[in-house]
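S.K.: Have a look; sequence and predicted model below, questions after that.
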Amino acid sequence: MHEKLAFRSKLFIVLFLALVALAQLVPFWMAITTATKPADDLSSVLLPTVNGIEWSNFSDALRIGNILRAISNTAFITVVSTTLVCVLGATSAYPLARRLTRFNGFVAAGILSLIMIPPLSILVPLYSLLSQIGGLNTYWGQILVMVAGGLPLSIFLYTAFLRSIPESLDEAARIDGANMIQTFFHVIFPLLKPVTATVVILTGVQIWNDYAMSNYILTDPVKQTVAPAVAAFFAQQASNRGAGAAAALISVVPILIAYLFLQRYFMRGLVAGAEK
């Protein structure tokens, strides 16, 4: 009886995960089939093309939509912002995890509460502040906003993971003559690879896919990021769904490659702090 219940539970979990995977893959499949069809092909988006791949959709996306320029802009903002989020998040979480004082507990709770604030709820005062300091239509202004938005979750994840690392490592480093900064960067930080991969993926995907903030802060077409550029190209190519779908697929490739390289660390870093 117990074995039957265990088998049914596993079967239910497998079926549920299969449905979730299918729900995630169907839109991607629809984008692929649409991107490979000519503009006059009105067949179902679930069916693949039967007349060969329409490569002109991809060339139009690159030539007319300037997707490569938008990708390079987004890549620069994503790399710089993610690096700052990882470094600042880890260094901020270190004292919060090691010194369990009442004040640090209050700070950690405050940082956690920031995660719950919807970014668009502060768009108006944020836009006004960037206008006053000259940050509109600048890469550094966009990076500043992305770093500020990504730090709360980064600090939370790093703090949870750092608490699982024995303090005896810190003590051993101090005995060897290392100060706090040397201890962190030479002893502790190399152990943070799993959670760093998690922070990189979560932050990188969020920045890469950001539409609202980028659309308001970077209004110059030359400095436009991927999400607004794809949306604008869709509007221009309303009669050619294939070209719009091709632009969306091209914009996904860089972040997809990054995820494939970091995925083995992702779940480990996400749950390691809770397991310890």
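M.R.: Right, received. Where do you want to start?

S.K.: make it CA atoms for all contacts and neighbour counts henceforth
M.R.: Fine.

S.K.: quick one: pLDDT of Gln132?
M.R.: Here, the pLDDT recorded for Gln132 equals 92.

S.K.: actually Asn137, sorry about that
M.R.: Asn137 carries a pLDDT value of 91.

S.K.: Please state the backbone phi and psi of it?
M.R.: For Asn137, the backbone dihedrals are phi 60, psi 30 (criterion: degrees, to the nearest 10).

S.K.: residues near the residue lying closest to it once chain neighbours are set aside, how many?
M.R.: Of all residues not flanking Asn137 in the chain, Leu218 sits nearest, at 4.5 Å (Cα to Cα, 6 or more residues apart in numbering). By other Cα atoms under 10 Å, the residues close to Leu218 number 20.

S.K.: for Pro118, same thing?
M.R.: With other Cα under 10 Å as criterion, Pro118 counts 10.

S.K.: Show me where the stretch 1-150 of the chain has its strands.
M.R.: Assigned by DSSP state E, counting those that start in this stretch, the stretch 1-150 of the chain shows no strands.

S.K.: quick one: secondary structure of the residue nearest to Ile255 when sequence neighbours are not counted?
M.R.: Distances taken as Cα to Cα, 6+ apart place Val205 nearest to Ile255, at 6.8 Å, with adjacent residues excluded. Applying DSSP: H, G, I helix; E, B strand; the rest coil to Val205 yields a three-state assignment of helix.

S.K.: burial of Val205, as a residue count?
M.R.: 18.

S.K.: can you check Ile250 too?
M.R.: A count of nearby residues for Ile250, using other Cα under 10 Å, gives 17.

S.K.: can you pull the pLDDT of it?
M.R.: Ile250 carries a pLDDT value of 87.

S.K.: need the contact list for it.
M.R.: Ile250 makes contacts with Phe58, Ile67, as judged by Cα atoms under 8 Å, 6 or more residues apart in numbering.

S.K.: check which helix or strand covers it.
M.R.: Element membership for Ile250 (DSSP states H and E) is helix 241-275.

S.K.: What are the buried residues along stretch 17-34?
M.R.: By neighbour count on 16 or more other Cα atoms under 10 Å, the buried set for stretch 17-34 is Trp29, Met30, Ala31, Ile32, Thr33, Thr34.

S.K.: and it, average pLDDT?
M.R.: Averaged across stretch 17-34, pLDDT comes to 86.

S.K.: can you give me how far it is from the chain middle?
M.R.: The chain centroid and the centroid of stretch 17-34 are separated by 20 Å under Cα atoms, centre = their mean, to the nearest Å.

S.K.: What of stretch 214-233?
M.R.: The chain centre lies 18 Å from the centre of stretch 214-233; the measure is Cα atoms, centre = their mean.

S.K.: State the distance from Phe156 to Ala23.
M.R.: According to Cα to Cα, to the nearest Å, Phe156 stands 30 Å off from Ala23.

S.K.: Surely the residue nearest to Asn137 touches Pro228?
M.R.: No: between Leu218 and Pro228 there is no contact under Cα atoms under 8 Å: 9.3 Å.

S.K.: Now do the shared contacts for those two.
M.R.: Between them, Leu218 and Pro228 share no contacting residue under Cα under 8 Å, 6+ apart.

S.K.: Kindly reformat the buried residues of stretch 17-34 as CSV containing distance to Leu46.
M.R.: Conversion of the buried residues of stretch 17-34 to CSV gives the following (distance: Cα to Cα, whole Å):
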residue, distance to Leu46
Trp29, 7
Met30, 6
Ala31, 9
Ile32, 9
Thr33, 7
Thr34, 8
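
S.K.: quick one: which of those is nearest Ser168?
M.R.: Trp29 (50.7 Å; Cα to Cα).

S.K.: Just list the residues touching that closest one, thanks.
M.R.: Counting by Cα under 8 Å, 6+ apart, Trp29 touches Leu46.

S.K.: Now do Arg174 against Phe189, distance only.
M.R.: 15 Å.

S.K.: my bad, should have said Val26
M.R.: Here Val26 is placed at a distance of 39 Å from Phe189 (Cα to Cα).

S.K.: That concludes my questions; thank you for your assistance.
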